[in-house]
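Novice: Sequence and computational prediction follow.
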Amino acid sequence: MTATEIDTWPADLLAQEFRDKRVLVTGSSRGIGAAVAAAFAQLGARVAIHGRDLAAVDAVAAGMGDGVIGLAGDFADKGQTRAVVEQAIDRLGGLDVLVNNAGTMLGRVALADIDDGFLQEQFDLNAASAVVASRSALPALIASRGAIVNTGSISGRTGGSAGSSLYSAAKAFQASLARSLATELAPHGIRVNAVSPGTIDTDFHQRYSTADKLAQTAARIPLKRLGRAEDCVGAYLFLASNRLAGYITGQTIEVNGGQYYN
Ligand SMILES: NC(=O)c1ccc[n+]([C@@H]2O[C@H](COP(=O)([O-])OP(=O)(O)OC[C@H]3O[C@@H](n4cnc5c(N)ncnc54)[C@H](OP(=O)(O)O)[C@@H]3O)[C@@H](O)[C@H]2O)c1
């Protein structure tokens, strides 16, 4: 490499990358999604945040500054998922980045107790919603040669802990979907990747884990603490940035403090 071929790296690289970019982060009313959406907004992007309750989402959006809009819809419902993405594209005037993050465990249920309704809801929310959102965003992402980042989970790789089989399988789907769509959408210049969080201390675990279980997990993590929502942000920004990750597609970044088990 000669001196003239060496890339220049502006000090405000991330602001240059994301200023005025149109970004939808699904499931960003709180937790990991809220931290990711706030970072994009601070870097000058025009961000749509999303949750199920419009008043709550609007309050979060207002706290993130000008240019942040709130959208509501239940992502276990395909029609509502489609409507949220279409509204985001309409109100932002297009789309550069789609972060498929909405999801939750819905409950810990052993195989013998899984009924058809629970099976369907798990699949619709934690697997299918990313397909529906990506399909709805496709024309806009083709126009912008944009990027998709899915949220997987460490449990997609390990199988998760007791009662989380469907949730964990659905999260494995997110990493697999990213790999498949990366190949399919590469001709359009669209990159598709995933972030796989470990045990991140959000409302999620207030609902689905006990304090004892979390303490035991933290003790086993090489970095000796649970993750914070903010710990996940860098991986999403990196994968969304064409400058930083323009040759990276179909990959999953693990953000887990070195944790490789539950
Ligand atoms: N925390 C962890 O340890 C961890 C680890 C690996 C992966 N993840 C994944 O990371 C993502 C964010 O989790 P988090 O920890 O930040 O959880 P969280 O604080 O509970 O936030 C979940 C987000 O998803 C939205 N959501 C949940 N159910 C929804 C539905 N039916 N329709 C539309 N939106 C829905 C929530 O909106 P509302 O405010 O309307 O509920 C909220 O914005 C999820 O996909 C989760 O599976 C989390």
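Specialist: Received the coordinates, thanks. Owing to the predicted nature of the structure, the values given are computational and were not obtained by experimental measurement. Residues are numbered from 1 along each chain as shown.
Novice: Can you pull out the low-pLDDT segments for the stretch 1-150 of the chain?
Specialist: Counting by pLDDT under 70, the stretch 1-150 of the chain shows low-confidence ranges at 1-4.
Novice: Nearest to the ligand within it, name that residue for me.
Specialist: Going by C-beta to the nearest ligand atom, the ligand is nearest to G31 of the stretch 1-150 of the chain, at 2.1 Å. Every residue, glycine included, has its C-beta placed from N, CA and C.
Novice: Quick check: residues of the stretch 51-200 of the chain near the ligand?
Specialist: Taking C-beta under 6 Å from any ligand atom as the measure of proximity, the stretch 51-200 of the chain contacts the ligand at 51-53, 74-76, 101-104, 125, 151, 153, 197, 199-200.
Novice: before we move on, back to that, was I right to think the residue of the stretch 1-150 of the chain closest to the ligand contacts G227?
Specialist: No. If you go by C-beta atoms under 8 Å, G31 and G227 don't touch, sitting 11.2 Å apart.
Novice: Quick check: neighbours shared by these two?
Specialist: Counting by C-beta atoms under 8 Å, 6 or more residues apart in numbering, the common neighbours of G31 and G227 are I200.
Novice: Report the backbone C-alpha coordinates of stretch 187-204 in CSV.
Specialist: Output of stretch 187-204 as CSV, limited to C-alpha atoms (Å, rounded to 0.1, in the frame of the first residue of the first chain):
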residue,chain,number,x,y,z
PRO,A,187,-26.6,-7.6,-5.3
HIS,A,188,-28.6,-4.6,-4.1
GLY,A,189,-25.8,-3.3,-2.0
ILE,A,190,-27.7,-4.1,1.2
ARG,A,191,-25.6,-5.6,4.1
VAL,A,192,-27.4,-7.8,6.7
ASN,A,193,-25.8,-8.7,10.0
ALA,A,194,-26.8,-9.5,13.6
VAL,A,195,-25.8,-8.5,17.1
SER,A,196,-26.0,-11.3,19.7
PRO,A,197,-26.3,-9.9,23.2
GLY,A,198,-25.3,-12.0,26.2
THR,A,199,-27.0,-11.3,29.5
ILE,A,200,-27.9,-7.6,29.4
ASP,A,201,-29.4,-6.0,32.5
THR,A,202,-32.7,-4.6,31.2
ASP,A,203,-36.4,-4.9,32.1
PHE,A,204,-36.2,-8.2,30.2
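Novice: how distant is that stretch from the center of its chain?
Specialist: Mean-position distance between stretch 187-204 and its chain equals 4 Å (C-alpha atoms, centre = their mean, to the nearest Å).
Novice: now stretch 159-167
Specialist: That offset, for stretch 159-167, works out to 19 Å (C-alpha atoms, centre = their mean).
Novice: cool, stretch 186-198 as well?
Specialist: On the basis of C-alpha atoms, centre = their mean, stretch 186-198 sits 10 Å off its chain's mean C-alpha point.
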